[in-house]
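Undergrad: sequence? don't have it. structure:
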């Protein structure tokens, strides 16, 4: 299991959940420590050149692509189809699902797949770093990638603001999702007692 770098849940959506809750039913047999980091702490460690690049290039473009259930081979097997993600089988209902989340850029591909796009400034109302640019899973608002060397430097520096701890069965963690990020270290499971955590998003 890979590292899940710190992030604000669904920060790529036009409407971002305010609260994030994690409840531990059963910890991993080995590893799996939870991570938290304040957005303000991450902001202090982001290379100034990357901050300038995000601002000068108009912010951050997030593109999420979903295959059609009739053409599953068009996407990795671990990703849901748009029918699975939206919980419906027709395009009109799918568009309503995304518009309810605040999306306006909804594009149907010729292969039946769906792309939804969203552009954010990359910063919160106070000018604090608020995006997942360092994950490499987003583009600049102009549609081109960000500088790879700056992203690698920002990722390495971001660990300086992290705090890790091991959740035990019965532990509950509630965060302000707009101000505090969460993540997870790799873990090893056992077949008879797999790691089990519940995630809840709410206002």
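TA: Arrived safely. This one's a predicted model, so the numbers in the text were calculated from it and none came from an experiment. Residues are numbered from 1 along each chain as shown.

Undergrad: tell me, how many residues neighbour residue 131?
TA: By other C-beta atoms under 10 Å, 23 other residues sit near residue 131. Backbone N, C-alpha and C define where each C-beta goes, glycine included.

Undergrad: same check, this time on residue 78
TA: 5.

Undergrad: ok, it to residue 116 distance?
TA: Distance, residue 78 to residue 116, using C-beta to C-beta, to the nearest Å: 19 Å.

Undergrad: swap in residue 15?
TA: For residue 15, the distance to residue 116 - C-beta to C-beta - is 13 Å.

Undergrad: what about these two, which has more around it?
TA: More neighbours surround residue 116 than the other of residue 15 and residue 116, with 24 against 11 (other C-beta under 10 Å).

Undergrad: from the chain's centroid, how far away is the helix or strand hosting that one?
TA: Per DSSP states H and E: residue 116 is located in strand 114-120. Averaging C-alpha positions (C-alpha atoms, centre = their mean, to the nearest Å) puts strand 114-120 13 Å from its chain's average.

Undergrad: can you tell me the average pLDDT over whichever helix or strand comes after that strand?
TA: As assigned by DSSP H and E, the chain's next helix or strand after strand 114-120 is strand 139-140. If you average the pLDDT over strand 139-140, you get 98.

Undergrad: elements contacting strand 139-140?
TA: strand 60-66 (3 or more C-beta pairs under 8 Å, 6 or more residues apart in numbering; DSSP states H and E).

Undergrad: quick check: angle from the strand it packs on to strand 114-120?
TA: The directions of strand 60-66 and strand 114-120 differ by 160 degrees, with axes from the mean of the first three to the mean of the last three C-alpha atoms, to 10 degrees as the criterion.

Undergrad: what lines up beside strand 60-66 in the sheet?
TA: Looking at strand 60-66 with DSSP bridges, its partner strands are strand 114-120 (antiparallel), strand 139-140 (antiparallel).

Undergrad: ok, whichever strand or helix holds residue 6: who's next to it in the sheet?
TA: Under the criterion of DSSP H and E, residue 6 resides in strand 4-7. Strand 4-7 sits in its sheet next to strand 180-184 (antiparallel), going by DSSP bridges.

Undergrad: could you list the buried residues of the partner strand?
TA: Neighbour-count burial for strand 180-184, counted by 16 or more other C-beta atoms under 10 Å, picks out 180, 181, 182, 183, 184.

Undergrad: is residue 188 in contact with residue 27, as I believe?
TA: No: counting by C-beta atoms under 8 Å, residue 188 sits too far from residue 27 to count as a contact (11.3 Å).
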